[in-house]
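**Student:** next come a sequence and a model predicted from it.
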Amino acid sequence: MNTLFREYLLPIIKYSIENRTIYIPRFNLNTLKKLVSYRVAKTPIAIMIEPACACNIQCPLCTTPHKYMSRKQGIMEFKTFQKLLNDVKDFVLVFYLNFAGEPFLNPHLFKMVDEATKHNILSLVDTNATLLTDERIREILDSELNILIINVDHIKKDHFENFRKGAKFESTMQGIKKLCEIKKKEKRFFPLVMAEIIVSRENEQHLQDIYDYAINELGVNGAWFKSLCFPLHSKGFRDDHNIKALVDKYLPLKSSVKRYNYINGDLQLINPKEFCDWEHKSLIMWDGRVSACCYDYDGAYTFGNINNRSFLDIWNSKKYRYYREKMIKNKKLSICERCSIL
């Protein structure tokens with residue numbers, strides 16, 4: 001519930017206060033039933049869905065476009081999403097429509113959003129913002145999407161295009177700005193457009209400038225700073241990269257927004273969590289497989305496929321329950337050893 005409040009409700013409340021707007025989410029008997037189900041039946045209140053396991057750019061700190069991933073990549077079919085929705089509509093409150101890829105590559109993305117809304121399920125999409133065409137902007141604004149997170153890590157063209165390899169700075173920023181301008185002109189509350197700024201050594205001296213640019217020039221509704229993550233879960237990435245070289249190039253020196261310290265040749269996580277909250281959440285990969293958590297990029301821990309079993313059958317299975325309650329919660333999986341999720 002803490003994650004739900006922080007990632008969804010808090011931005012809405014903050015935006016409402018700052019703009020002197022009152023927005024009351026639809027709270028009805030169905031919503032109450034979902035909260036009771038979460039507390040009593042231990043059903044998940046939030047599910048992460050992978051609309052696409054593929055990407056149109058090649059960020060240097062991502063495994064998806066560099067073929068380090070050991071599982072097959074692809075785009076989720078709408079019938080797979082519809083099957084999931086039918087299975088979970090009575091107890092899920094939030095869909096996070098993003099995982100190991102660019103969700104805008106899925107042509108059915110906003111159809112998914114609209115279908116979820118019919119069942120009082122809130123939706124969040126995280127995008128690199130390089131595919132904001134006029135057609136996509138119209139889809140976004142006509143949809144029932146609640147939060148759109150866009151990545152704005154640099155305001156210098158060369159820095160941006162090095163960090164987001166394959167992206168074009170001018171067209172990406174123009175797309176974001178156009179979306180925000182039309183949203184304002186049409187006086188739409190949703191989606192909240194939030195800028196996510198990944199803090200690195202290259203931009204840590206310019207964070208206030210980037211923040212001001214996102215708010216004042218692009219017109220987003222809010223912005224936050226995110227600590228940089230090295231994809232050390234991937235053996236292929238580890239084999240191809242020297243840790244010290246990564247640290248020297250990317251890890252912030254002075255910023256407090258970071259998740260690692262590098263001490264005596266060892267990369268150490270700052271304030272790691274003792275327990276993992278993925279005990280209460282679930283991840284659905286593009287092909288319908290139910291996975292352990294958002295660090296399982298390779299699908300090493302899966303418990304069934306929603307295309308041939310109901311989600312609750314999988315969720316309540318002896319194997320999945322054991323893994324959630326004993327292994328995931330207590331961070332005892334092999335992938336937990338390298339997990340950098342705070």
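**Tutor:** Yes, it's here.
**Student:** drop to CA atoms for contacts and neighbour counts, all remaining ones
**Tutor:** Noted.
**Student:** residue 253 belongs to a helix?
**Tutor:** No. Assessed with DSSP: H, G, I helix; E, B strand; the rest coil, residue 253 is coil; it does not lie in a helix.
**Student:** immediately after the longest helix anywhere in the chain, which helix or strand?
**Tutor:** Longest helix of the chain, by residue count under DSSP state H: helix 169-185. Next along the chain after helix 169-185, taking DSSP states H and E as the criterion, comes strand 192-199.
**Student:** so which residues of the stretch 101-250 of the chain form helices?
**Tutor:** Remark: helices assigned in the stretch 101-250 of the chain by DSSP state H, counting those that start in this stretch are 109-117, 134-142, 157-163, 169-185, 207-212, 235-240, 243-250.
**Student:** make CSV out of the ones you listed and add distance to residue 49, mean pLDDT and mean neighbour count.
**Tutor:** Output for those, formatted as CSV (distance: least, CA to CA, whole Å; pLDDT from 0 to 100; neighbours: other CA atoms under 10 Å):
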stretch, distance to residue 49, mean pLDDT, mean neighbour count
helix 109-117, 10, 97, 20
helix 134-142, 18, 96, 16
helix 157-163, 25, 95, 16
helix 169-185, 24, 98, 18
helix 207-212, 29, 97, 17
helix 235-240, 24, 87, 14
helix 243-250, 29, 94, 14
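**Student:** so what sits opposite residue 269 in the bridge?
**Tutor:** residue 260 (DSSP bridges).
**Student:** quick one, what contacts it?
**Tutor:** Residue 269 makes contact with 259, 260, 261, 340, according to CA atoms under 8 Å, 6 or more residues apart in numbering.
**Student:** which two from those end up farthest apart in space?
**Tutor:** The most widely separated members of the contacts of residue 269, counting by CA to CA, are 261 and 340 (11.9 Å).
**Student:** who's more crowded, those two?
**Tutor:** residue 340 (21 against 16; other CA atoms under 10 Å).
**Student:** I'd say the more buried one and residue 229 touch.
**Tutor:** Yes. Using CA atoms under 8 Å, residue 340 makes contact with residue 229 at a distance of 6.8 Å.
**Student:** between these two, what contacts are shared?
**Tutor:** Shared contacts of residue 340 and residue 229 (CA under 8 Å, 6+ apart): residue 259.
**Student:** show me where pLDDT drops low in this protein?
**Tutor:** Across the chain, the ranges flagged by pLDDT under 70 are 1-31, 34-36, 38-41, 341-342.
**Student:** would you agree residue 46 is in contact with residue 284?
**Tutor:** No. Residue 46 lies out of contact with residue 284 (CA under 8 Å); the separation is 11.2 Å.
**Student:** residues in contact with stretch 81-96?
**Tutor:** Contact with stretch 81-96 is made by 30-31, 33-35, 37-38, 43-49, 112, 116, 119-125, 306-307, 310-312, as judged by CA under 8 Å, 6+ apart.
**Student:** distance of residue 290 from residue 196?
**Tutor:** 27 Å (CA to CA, to the nearest Å).
**Student:** hmm, back to that, would you mind giving the contacts of residue 269 as a markdown table with distance to residue 211 added?
**Tutor:** Output for the contacts of residue 269, formatted as a markdown table (distance: CA to CA, whole Å):
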| residue | distance to residue 211 |
| --- | --- |
| 259 | 20 |
| 260 | 23 |
| 261 | 25 |
| 340 | 25 |
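**Student:** closest to residue 55 among these?
**Tutor:** Among the contacts of residue 269, residue 340 lies closest to residue 55 (CA to CA), at 21.9 Å.
**Student:** who's in contact with that closest one?
**Tutor:** 229, 230, 259, 269, 272.
**Student:** filter these to the buried ones?
**Tutor:** Among the contacts of residue 340, those buried by neighbour count (16 or more other CA atoms under 10 Å) are 229, 230, 259, 269.
**Student:** strands of this protein, start to end?
**Tutor:** Counting by DSSP state E, one finds strands in the chain at the ranges 46-49, 52-53, 74-75, 94-97, 122-127, 147-151, 192-199, 222-227, 260-263, 266-269, 281-284, 289-291, 302-305.
**Student:** ok, and which of those strands has the densest surroundings?
**Tutor:** Greatest average neighbour count among the strands of the chain goes to strand 52-53 (a mean of 26), per mean count of other CA atoms under 10 Å.
**Student:** for that one, packing partners?
**Tutor:** When contacts are defined as 3 or more CA pairs under 8 Å, 6 or more residues apart in numbering; DSSP states H and E, strand 52-53 sits against strand 74-75.
**Student:** check which helices and strands the strand it packs on sits against.
**Tutor:** Counting contacts by 3+ CA pairs under 8 Å, 6+ apart, strand 74-75 is packed against strand 52-53.
**Student:** what's the local residue count around residue 325?
**Tutor:** 13.
**Student:** who are the contact partners of the closest residue in space to it that isn't next to it in sequence?
**Tutor:** With sequence-adjacent residues excluded and distances taken as CA to CA, 6 or more residues apart in numbering, residue 325 is closest to residue 279, at 6.4 Å. Neighbour list for residue 279: 324, 325, 328, 329 [criterion: CA under 8 Å, 6+ apart].
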